[in-house]
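*Asks:* Sharing a model that was predicted from the sequence below.
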Amino acid sequence: MEEQELGNSIGSFIEALKKEGSVQEELRDHQDSYDELYSQGYHFYENGHYDKALLAFHKLVLSHPMEGKYWFGLASTLLQQKNYERALHAWSIAALIDYENPLPHFHAAECLFSLKLIDEGMLALKEAKKRSPKEDLSNKIEALEEVWSKA
């Protein structure tokens, strides 16, 4: 994908987020506010309150679109809500921001498999494997590859 197309894609995704209603609220420009909102979003996510977590992470990515952990939170929440297409977009942005991290690729593969895009999912797993120094994630990658290679 060309750099210009990628920029347009990210911009379009962020514009779509802005149109979703209550995410228009302005946050004070203090890191403490963002840290607190992230903590709240994470708490909501951990406790299964995905609608509230989604709102928090939307606000965060709109306020600081280059902060990877905010995209991770948004993508994880969308994945839990089984909103695979939007989660895939968010994981793609997270992968661009935190290029060496295997997790966005791994979770993008989960989204792709859920969307029945098997070949693309296998490519995402391959990218995750390239970046994965962690034994536990390597085992998960291999297990997912095994299941979906039979599909």
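*Replies:* Arrived safely, thanks for sending. Residues are numbered from 1 along each chain as shown.

*Asks:* Where do the helices of the protein begin and end?
*Replies:* 3-18, 31-46, 50-63, 68-80, 84-97, 103-114, 118-131, 135-149 (DSSP state H).

*Asks:* Rebuild those as CSV, extending it with mean pLDDT.
*Replies:* Below are the helices of the chain laid out as CSV (pLDDT from 0 to 100):
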stretch, mean pLDDT
helix 3-18, 60
helix 31-46, 91
helix 50-63, 95
helix 68-80, 97
helix 84-97, 96
helix 103-114, 96
helix 118-131, 93
helix 135-149, 80
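
*Asks:* Dump the ones you listed into CSV; add mean neighbour count as well.
*Replies:* (Each C-beta comes from the backbone N, C-alpha and C, glycine too.) Shown next, in CSV, are the helices of the chain (neighbours: other Cβ atoms under 10 Å):
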stretch, mean neighbour count
helix 3-18, 12
helix 31-46, 15
helix 50-63, 21
helix 68-80, 23
helix 84-97, 22
helix 103-114, 23
helix 118-131, 18
helix 135-149, 13
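
*Asks:* and Ala56, what is it in contact with?
*Replies:* Ala56 is in contact with 37-38, 40-41, 44, 73, counting by Cβ atoms under 8 Å, 6 or more residues apart in numbering.

*Asks:* and of the residues you listed, the nearest to Pro102?
*Replies:* Gly73 (17.6 Å; Cβ to Cβ).

*Asks:* Could you find the closest non-adjacent residue to the closest one?
*Replies:* Leaving out its chain neighbours, the residue that sits closest to Gly73 by Cβ to Cβ, 6 or more residues apart in numbering is Phe57, at 4.2 Å.

*Asks:* could you list every residue that touches that neighbour?
*Replies:* Phe57 neighbours (Cβ under 8 Å, 6+ apart): 41, 70, 73-74, 77.

*Asks:* Could you report the neighbour count for Asn101?
*Replies:* Using other Cβ atoms under 10 Å, Asn101 has 16 neighbouring residues.
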